[in-house]
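*Asks:* Structure here, sequence nowhere to be found:
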């Protein structure tokens, strides 16, 4: 083994061990628990797939569908919203970009519960900030979207937009202005510039932001609890109930394992397309 390879292996060992101990082993433990007999706390029973059958029979696919829907919808919308904001941050003056980035980043350092409570007050009917202001200024009663799936989606967009925006800014910063200007001089339309220059070059940032948002939203529960009520119950809430209230760890583990498998099936294909060397200019 070459000296550089040996040094790299030594340096890689601590994070690899940490990954195994803190990530892979817990996942393996959850997967094994999902094969235990229902409503048991031991780990020596006969292996069974009964918990997975129960998950299908008792319609746990409904909260799973809601979680996947919210994750996909939030990912697509945050990417679409972040694209023009990211281009403005990259192309405008440093002072403008600093002010806007600070306004977007500061709420991230505030507790999520506090921000969601503020969104709750904003969306409340009649006494809420939005409905009350419109009613006072225009005399129009708009009602409220609170405790609906739309309220949950709005809360997810509000919370997770920065996780898509800042990686996208990093990706867009790699787009050379001279290539865009050359394409304009050669008569390329805005759509052609977007398709053949900007998106391919900025794709690592787009992929990283999309993965962050998708994985985080897939397990999110607070937004649905505080803004959506019981209109759309996500799978994370169902898993929490199985572990805490029902004390049915095997079924909770089965639901968690299914969620992990779905996440892997959707995430790994995107990871294979991620070129970190190009993103970091190596």
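*Replies:* Sure thing, it's come through. Just so you know, these numbers come straight off a predicted model, no measurement behind them. Numbering: from 1, shown residues only.
*Asks:* biggest helix in this structure by residues?
*Replies:* In the chain, assigned by DSSP state H, the helix with the most residues is helix 61-91.
*Asks:* who does that helix touch, helix- and strand-wise?
*Replies:* If contacts are counted by 3 or more CB pairs under 8 Å, 6 or more residues apart in numbering; DSSP states H and E, helix 61-91 sits against helix 94-105, helix 149-172, helix 199-218, helix 235-244, helix 249-271. C-beta: built from backbone N, CA, C; applies to glycine.
*Asks:* for that helix, which positions count as buried?
*Replies:* 63-64, 66-68, 70-72, 74-75, 77-79, 82-83, 85-87, 89-90 (16 or more other CB atoms under 10 Å).
*Asks:* pLDDT weak spots in the stretch 151-282 of the chain?
*Replies:* Applying pLDDT under 70 to the stretch 151-282 of the chain flags residues 274-282.
*Asks:* Nearest spatial neighbour of residue 140, chain-adjacent residues omitted?
*Replies:* The spatially closest residue to residue 140, leaving aside those adjacent along the chain, is residue 134, at 5.7 Å (CB to CB, 6 or more residues apart in numbering).
*Asks:* Quick check: pLDDT value at the one you found.
*Replies:* pLDDT, residue 134: 73.
*Asks:* can you state the direction angle for the longest helix of the chain and helix 199-218?
*Replies:* With axes from the mean of the first three to the mean of the last three CA atoms, to 10 degrees defining the directions, helix 61-91 sits at 140 degrees from helix 199-218.
*Asks:* now helix 61-91 against helix 149-172, angle please.
*Replies:* On the basis of the same axes, to 10 degrees, helix 61-91 is oriented at 40 degrees to helix 149-172.
*Asks:* And the average pLDDT for helix 61-91 is what?
*Replies:* Mean predicted confidence for helix 61-91 is 92.
*Asks:* Distance from the chain centre to it, please.
*Replies:* When C-alpha coordinates are averaged (CA atoms, centre = their mean, to the nearest Å), helix 61-91 and its chain have centres 8 Å apart.
*Asks:* about what we covered before: and the residue nearest to residue 140, how far is that from residue 151?
*Replies:* Distance check for residue 134 against residue 151: by CB to CB, to the nearest Å, it reads 17 Å.
*Asks:* circling back: which one of the helices and strands packed on helix 61-91 lies nearest to residue 20?
*Replies:* Ranking the helices and strands packed on helix 61-91 by their distance to residue 20 (criterion: CB to CB) puts helix 249-271 first, at 16.1 Å.
*Asks:* Report the distance from that closest one to the chain centre.
*Replies:* Per CA atoms, centre = their mean, the centroid offset for helix 249-271 relative to its chain is 14 Å.
*Asks:* low-scoring pLDDT stretches of the stretch 1-150 of the chain, where are they?
*Replies:* Low-confidence segments of the stretch 1-150 of the chain, defined by pLDDT under 70, span residues 1-5, 8, 93, 126-128, 142.
*Asks:* what residues are up against residue 227?
*Replies:* 116, 119-120, 123, 146-147, 151-152, 154-155 (CB atoms under 8 Å, 6 or more residues apart in numbering).
*Asks:* Tell me the secondary structure at it.
*Replies:* helix (DSSP: H, G, I helix; E, B strand; the rest coil).
*Asks:* any idea how far it lies from residue 164?
*Replies:* 19 Å.
*Asks:* can you check residue 112 too?
*Replies:* For residue 112 relative to residue 164 (CB to CB), the value is 16 Å.
*Asks:* And residue 217, by the same measure?
*Replies:* For residue 217, the distance to residue 164 - CB to CB - is 10 Å.
*Asks:* Could you check which of these two has the larger neighbour count?
*Replies:* Taking other CB atoms under 10 Å, residue 217 and residue 164 do not tie; residue 164 has more neighbours (31 against 26).
*Asks:* Wait, the more buried one touches residue 79, no?
*Replies:* Yes - look at residue 164 against residue 79 with CB atoms under 8 Å: they come within range, at 5.6 Å.
*Asks:* list residues touching both of the two?
*Replies:* 209-210, 213.
*Asks:* what about the residue nearest to residue 238 when sequence neighbours are not counted, distance to residue 23?
*Replies:* Distances taken as CB to CB, 6+ apart place residue 63 nearest to residue 238, at 4.6 Å, with adjacent residues excluded. Per CB to CB, residue 63 is found 24 Å from residue 23.
*Asks:* Lovely, talk soon.
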